[in-house]
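Undergrad: Let's see this in three dimensions:
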Amino acid sequence: MSDELWRDLTEVFRTSLDNEDLTLAETTTADDVEGWDSITHVLIMVAVEKKFRVKFTAAEIQRLENVGQLAALIRSKRGGV
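TA: Residues are numbered from 1 along each chain as shown. Below you'll find the model as predicted:
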């Protein structure tokens, strides 16, 4: 994963969760992060779509198991960037 993608993704999560100290790992899930509930999840997905100029289907979002899979999905939708 590119450092730029990971940096930008981390910034989206930090802003959405109002937590500047948040550190993401590829295995991070909502269970690992205080404040990441269903409402915040929707806000995160919208912010990710806006930041990376991609669109996710509901099925794609439902299949995601962790932040690493989200990053891979972003990368695939951006042509491997």
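
Undergrad: Make sure residue 78 is actually in contact with residue 49.
TA: No: applying Cβ atoms under 8 Å, one finds residue 78 not in contact with residue 49, separated by 11.8 Å. Where C-beta positions appear, they are placed from N, C-alpha and C, glycine not excepted.

Undergrad: So those two - more neighbours on which side?
TA: residue 49 (15 against 12; other Cβ atoms under 10 Å).

Undergrad: Let me see the backbone angles for that one.
TA: Dihedral angles of residue 49 (phi, psi; degrees, to the nearest 10) stand at phi -60, psi -40.

Undergrad: Please identify which helix or strand holds the closest residue to it other than its chain neighbours.
TA: Leaving aside its chain neighbours, residue 49 sits nearest to residue 55 (5.8 Å; criterion: Cβ to Cβ, 6 or more residues apart in numbering). Of the helices and strands defined by DSSP states H and E, none includes residue 55.

Undergrad: Would you check how far apart residue 55 and residue 61 are?
TA: Distance, residue 55 to residue 61, using Cβ to Cβ, to the nearest Å: 11 Å.

Undergrad: okay, these two: which has more neighbours?
TA: Comparing residue 55 with residue 61 by other Cβ under 10 Å, the one with more neighbours is residue 61, at 14 against 8.
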